[in-house]
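In: Attaching a predicted model along with its sequence, questions to come.
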Amino acid sequence: MIRVVLPYHLRGLARIDGEVELDHAAKPATVGDLLAAVEVRYPVLRGTIRDAATGARRPLVRFFACGEDLSFVAFDEELPAAVAAGREPFLVVGAMAGG
């Protein structure tokens, strides 16, 4: 079971209460697989985390897990072992912009 924590506005859009829990049979679990699984389960989120046309991370969205910024890792990069095992959540965070 992989745990995903989404920002408040995306949880509201998808009508999610709390964390998303995904069964993930593919080994090794990758960042791209995880994001695709979230979009399949909650189609309304397509285009909100990743660009719908290119599949790239949206500019003001960041990813964190196990105290590390995973925002710039390749989508075929394996998830940290603690995330894949469900011990730590994968965090999707809406970045703040401005000054």
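Out: Looks like it arrived, so ask away.
In: what is the mean pLDDT for the top helix by length along the chain?
Out: In the chain, ranked by residue count with DSSP state H as the criterion, the top helix is helix 31-41. Model confidence over helix 31-41 averages 93 on the pLDDT scale.
In: Check stretch 74-85 too.
Out: 93.
In: gap between residue 76 and residue 59?
Out: Separation of residue 76 from residue 59 (CB to CB, to the nearest Å): 21 Å. C-beta coordinates here come from the backbone N, C-alpha and C atoms, glycine included.
In: try residue 92
Out: Computed as CB to CB, the residue 92 to residue 59 distance reads 14 Å.
In: which one of those two has more residues nearby?
Out: Between residue 92 and residue 59, counting by other CB atoms under 10 Å, residue 92 is the more crowded of the two (24 against 9).
In: quick one: pLDDT of the spatially closest residue to the more buried one that is not a sequence neighbour?
Out: Closest residue in space to residue 92, ignoring its immediate chain neighbours: residue 6 at 5.1 Å, by CB to CB, 6 or more residues apart in numbering. In this model, residue 6 is scored at 97, pLDDT.
In: I figured residue 6 hits residue 18, correct?
Out: No - under the criterion of CB atoms under 8 Å, residue 6 makes no contact with residue 18, lying 9.7 Å away.
In: Looking at the two, which is more packed in?
Out: residue 6 (24 against 9).
In: give the contact list for the more buried one.
Out: Counting by CB atoms under 8 Å, 6 or more residues apart in numbering, residue 6 touches 14, 16, 20, 38, 45, 92.
In: again, but for residue 86
Out: Each residue near residue 86 by CB under 8 Å, 6+ apart is listed here: 1-3, 21.
In: want to try TSV for these, with pLDDT, secondary structure and distance to residue 50 as columns?
Out: TSV is the format used below for the contacts of residue 86 (pLDDT from 0 to 100; DSSP: H, G, I helix; E, B strand; the rest coil; distance: CB to CB, whole Å):
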residue	pLDDT	secondary structure	distance to residue 50
1	88	coil	22
2	92	strand	17
3	95	strand	19
21	93	strand	20
